[in-house]
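1. Have a look at this fold, sequence not included:
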């Protein structure tokens with residue numbers, strides 16, 4: 001019998017099998033149609049059983065299912081940028097895979113691995129921002145971890161958080177001898193210790209002030225010292241204890257092997273940002289900080305001709321300080337002594353001088369004028385930056401191995417000319433002129449936002465008490481007047497200035513506030529569930545003019561917002577109508593709407609204020 005030949009009975013069996021398959025596929029088609037039809041009834045996802053919502057993003061972490069990482073198109077009706085005002089309403093958003101509960105889209109090492117990016121690990125490029133292309137974005141909601149609780153309120157949150165909210169105890173074990181954090185039952189407690197201040201950040205801060213001979217060992221130096229950059233901040237206890245001295249710190253650390261240190265900081269209610277001293281400038285303008293601090297931050301400061309120290313130099317104000325606590329400062333062995341010699345020589349050529357040195361800590365001070373730079377021998381390294389280098393250009397800009405000299409005006413002023421804190425919050429800063437703003441414009445903007453914030457709080461009154469809100473983000477801060485108007489509230493504000501608009505972030509810092517540059521076409525460098533309140537003033541209208549997705553921005557805002565947190569959108573009516581279509585899909589609910597046209601003193605009377613609150617939902621409920 002030749003191979004491949006079949007008789008009549010075989011043919012009958014094949015035909016019968018095909019009939020069975022056809023019937024089965026027909027049944028499956030009808031069944032699936034009924035399932036998908038039942039999902040598109042417009043009900044909230046909270047009402048669905050756990051099997052009716054697909055969890056997305058497994059392939060993003062290297063799993064086999066959902067291999068292309070795209071959203072199941074049946075799960076929602078996607079409204080594109082140009083669809084504002086159309087009748088397309090998204091029915092629901094799927095929930096991301098549980099493993100994404102701490103996803104930071106532009107700082108995700110799984111994505112870097114999958115995209116096979118060729119990064120230089122020695123330069124820390126793998127800790128810098130690398131955002132997913134549009135086709136790899138997860139169009140789904142980030143779930144909170146199992147057992148998530150509404151965060152403990154400030155000021156108690158400085159010292160304790162719910163373990164369920166950040167279920168990581170790695171640092172408690174690794175740093176057990178340094179008093180970073182301790183697990184106690186359902187809570188994680190922060191005794192205030194650090195690598196070089198086991199006995200508490202408060203005593204360490206007082207010791208630094210004492211080294212500098214500041215009055216009453218108070219580091220704020222009678223209002224002269226207000227903004228601090230803490231690099232390699234750990235869980236940000238240094239920044240936490242500065243707050244009582246009327247000092248605000250930008251606590252900075254990468255999303256690295258020290259698990260979730262910035263997430264702990266933000267959960268505690270302490271200002272913090274995910275970033276790294278790698279190859280790109282930090283997203284802050286020049287002359288932003290009076291003090292930079294590194295306590296055993298494990299940064300190689302002498303690498304690449306001192307490029308990282310030169311980045312600190314760019315960020316420090318005239319006469320600013322760098323407090324450095326590290327073994328090199330007290331030279332225990334030959335390698336420490338070698339590093340100390342090289343580092344001392346480098347900062348000397350940068351014209352920094354030792355202001356104080358004691359035990360494990362040295363404090364250098366940056367010069368007030370250009371005199372020292374002019375007195376250096378020709379060819380001295382590092383050189384001065386070229387006159388066409390903009391020290392305030394930061395978004396995606398590479399660091400430079402050069403010293404940023406002062407302008408002729410700043411050189412003659414011999415300082416930043418800033419008022420003492422808190423007067424500087426409402427005093428027109430000298431750098432207004434850099435942007436073509438007058439003192440009158442600044443004062444009117446301050447008064448305008450004072451009224452607006454009072455109106456916001458009246459709208460929020462039924463929902464908030466004195467400690468409801470702690471972490472606030474102003475998504476388009478302009479001159480920082482929204483944040484300044486919150487001075488009487490026990491909050492801190494991350495003032496965000498768009499990368500492609502007027503570089504007003506220097507004004508924000510000159511007022512004694514903090515913030516960062518950002519591009520809202522991308523995800524922000526923070527963990528999920530970070531902020532209690534987001535303020536979006538014409539952010540959507542601005543984004544409409546670009547080739548970016550408004551829907552992606554809504555999903556990103558939901559990622560950043562804590563459950564029960566608030567969004568205040570101030571924009572045109574068509575934007576408000578657009579956002580309203582997504583409330584059910586995002587599990588947000590409208591709180592209040594107000595038409596600013598009723599206020600004749602408001603120059604933007606055609607804007608509408610829309611207040612929203614995010615519901616608390618857990619994956620187990622879906």
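-> Received it, and whenever you're ready, just let me know what you need. What you see is a predicted model; the values in this text were computed from it and never measured. Numbers count the residues shown, from 1 in each chain.
2. Could I get the full set of strands for the stretch 351-500 of the chain?
-> Secondary structure of the stretch 351-500 of the chain (DSSP state E, counting those that start in this stretch): strands at 353-358, 361-365, 471-474, 492-498.
3. Quick one, which of those strands gets closest to residue 183.
-> Residue 183 lies closest, by Cβ to Cβ, to one member of those: strand 471-474, at 23.4 Å. (Each C-beta comes from the backbone N, C-alpha and C, glycine too.)
4. any chance of the strands of the stretch 351-500 of the chain in TSV, with mean pLDDT and mean neighbour count too?
-> Putting the strands of the stretch 351-500 of the chain into TSV (pLDDT from 0 to 100; neighbours: other Cβ atoms under 10 Å) gives the following:
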stretch	mean pLDDT	mean neighbour count
strand 353-358	97	14
strand 361-365	97	22
strand 471-474	98	26
strand 492-498	98	25
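5. In a markdown table, list the ones you listed along with distance to residue 430.
-> Output for the strands of the stretch 351-500 of the chain, formatted as a markdown table (distance: least, Cβ to Cβ, whole Å):
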| stretch | distance to residue 430 |
| --- | --- |
| strand 353-358 | 24 |
| strand 361-365 | 21 |
| strand 471-474 | 23 |
| strand 492-498 | 18 |
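6. Compare those strands and report which one is nearest to residue 191.
-> strand 361-365 (20.5 Å).
7. just the angle between the closest one and strand 353-358, please?
-> Here the directions of strand 361-365 and strand 353-358 differ by 160 degrees (axes from the mean of the first three to the mean of the last three Cα atoms, to 10 degrees).
8. so what secondary structure elements neighbour strand 361-365?
-> If you count contacts as 3 or more Cβ pairs under 8 Å, 6 or more residues apart in numbering; DSSP states H and E, strand 361-365 packs onto helix 201-211, strand 316-325, strand 353-358.
9. out of those, which comes closest to residue 538?
-> With respect to residue 538, and counting by Cβ to Cβ, the nearest of those is strand 316-325 at 30.9 Å.
10. Could you tell me the angle between the closest one and strand 361-365?
-> Angle, strand 316-325 to strand 361-365, by the same axes, to 10 degrees: 170 degrees.
11. Now do strand 316-325, average pLDDT.
-> The average of the pLDDT scores along strand 316-325 is 97.
12. Wasn't residue 509 part of a strand?
-> No. Under DSSP: H, G, I helix; E, B strand; the rest coil, residue 509 sits outside any strand and is assigned helix.
13. Sketch out the low-pLDDT regions of the chain for me.
-> Counting by pLDDT under 70, the chain contains low-confidence residues at 1-91, 175-178, 195-196, 257-259, 596-605, 620-622.
14. Mark out where each domain of it begins and ends.
-> Domain assignment for the chain by the TED database gives 198-416, 425-614.
15. out of those domains, which comes closest to residue 130?
-> domain 425-614 (10.3 Å).
16. Kindly check the end-to-end length of the closest one for me.
-> Terminal residues of domain 425-614 are spaced 31 Å apart (Cα to Cα, to the nearest Å).
17. Quick check: which of the strands of the stretch 351-500 of the chain is nearest to residue 377?
-> Here strand 353-358 is closest among the strands of the stretch 351-500 of the chain (Cβ to Cβ), at 17.6 Å.
18. how far out from the middle of the chain is that closest one?
-> Averaging C-alpha positions (Cα atoms, centre = their mean, to the nearest Å) puts strand 353-358 33 Å from its chain's average.
19. list the helices and strands that strand packs on?
-> helix 201-211, strand 361-365.
20. what's the closest of the strands of the stretch 351-500 of the chain to residue 281?
-> Of the strands of the stretch 351-500 of the chain, nearest to residue 281 by Cβ to Cβ is strand 492-498, at 14.5 Å.
21. Give me the residues contacting the closest one.
-> Strand 492-498 has contacts (Cβ atoms under 8 Å, 6 or more residues apart in numbering) with 248, 269, 271, 273, 470-478, 480, 482-483, 486, 503-505, 508, 513-520, 524, 531, 542.
22. same check, this time on stretch 392-411
-> 279-286, 304-308, 310-311, 313-314, 318, 350-351, 369-370, 373, 382-386, 389, 391, 416, 430, 499, 503, 505-506, 517-519.
23. again, but for stretch 198-217
-> For stretch 198-217, contacts defined as Cβ under 8 Å, 6+ apart pick out 177-179, 191-194, 196-197, 218-222, 225, 237-238, 240-242, 244-245, 295, 321, 323, 355-358, 361, 363.
24. Find me whatever residue is spatially closest to residue 471, sequence neighbours aside.
-> The shortest distance from residue 471 to any non-neighbouring residue, by Cβ to Cβ, 6 or more residues apart in numbering, is to residue 531 (4.6 Å).
25. wait, doesn't the one you found sit right on residue 562?
-> Yes. Using Cβ atoms under 8 Å as the test, residue 531 is close enough to residue 562 to be in contact (6.5 Å).
26. end-to-end on stretch 296-316?
-> 20 Å.
27. gap between that stretch and the chain center?
-> Per Cα atoms, centre = their mean, the centroid offset for stretch 296-316 relative to its chain is 22 Å.
28. For it, buried residues please.
-> Neighbour-count burial for stretch 296-316 flags 296-297, 299, 301-302, 306-316 (criterion: 16 or more other Cβ atoms under 10 Å).
29. do the same with stretch 460-471
-> So stretch 460-471, judged by 16+ other Cβ under 10 Å, has buried residues 460, 464, 467, 468, 469, 470, 471.
30. In helices, which of those fall?
-> residue 460 (DSSP state H).
31. Closest one of the buried residues of stretch 460-471 to residue 412?
-> Taking Cβ to Cβ as the measure, residue 412 lies nearest residue 471 of these, at 40.1 Å.
32. Quick check: the gap between that closest one and residue 547.
-> Separation of residue 471 from residue 547 (Cβ to Cβ, to the nearest Å): 31 Å.
33. just residue 572 next, same as before
-> Distance from residue 572 to residue 547, counting by Cβ to Cβ: 20 Å.
34. if we can go back for a sec, in the sheet, who's paired with the residue nearest to residue 471?
-> Beta-bridge partners recorded for residue 531 (DSSP bridges): residue 561.
35. Tell me which residues touch it, please.
-> 471, 472, 473, 494, 560, 561, 562, 565.
36. Any idea what the fourth one is bridged to?
-> The one in question is residue 494. residue 473, residue 514.
37. just to revisit the earlier point, next step: the contacts of stretch 392-411 restricted to helices.
-> 307, 308, 310, 311, 313, 314, 373, 505, 506.
38. can you tell me which two in these are farthest apart?
-> Farthest-apart pair in those is 373 and 505; separation 25.5 Å (Cβ to Cβ).
39. Between these two, which has more neighbouring residues?
-> Between residue 373 and residue 505, residue 505 has the larger neighbour count (other Cβ atoms under 10 Å), namely 30 against 18.
40. so residue 554, which of the three states?
-> For residue 554, the assignment made with three-state DSSP gives helix.
41. Can you get me a residue count around it?
-> As a burial measure, residue 554 scores 23 neighbours (other Cβ under 10 Å).
42. now do residue 489
-> Residue 489 has 16 neighbours, counted by other Cβ under 10 Å.
43. One more: residue 441?
-> Neighbours of residue 441 using other Cβ under 10 Å come to 14.
44. Can you give me every residue that contacts it?
-> residue 432.
45. Now the nearest residue to residue 275 once chain neighbours are set aside: phi and psi?
-> The shortest distance from residue 275 to any non-neighbouring residue, by Cβ to Cβ, 6+ apart, is to residue 252 (5.0 Å). Dihedral pair for residue 252: phi -120, psi 130, per degrees, to the nearest 10.
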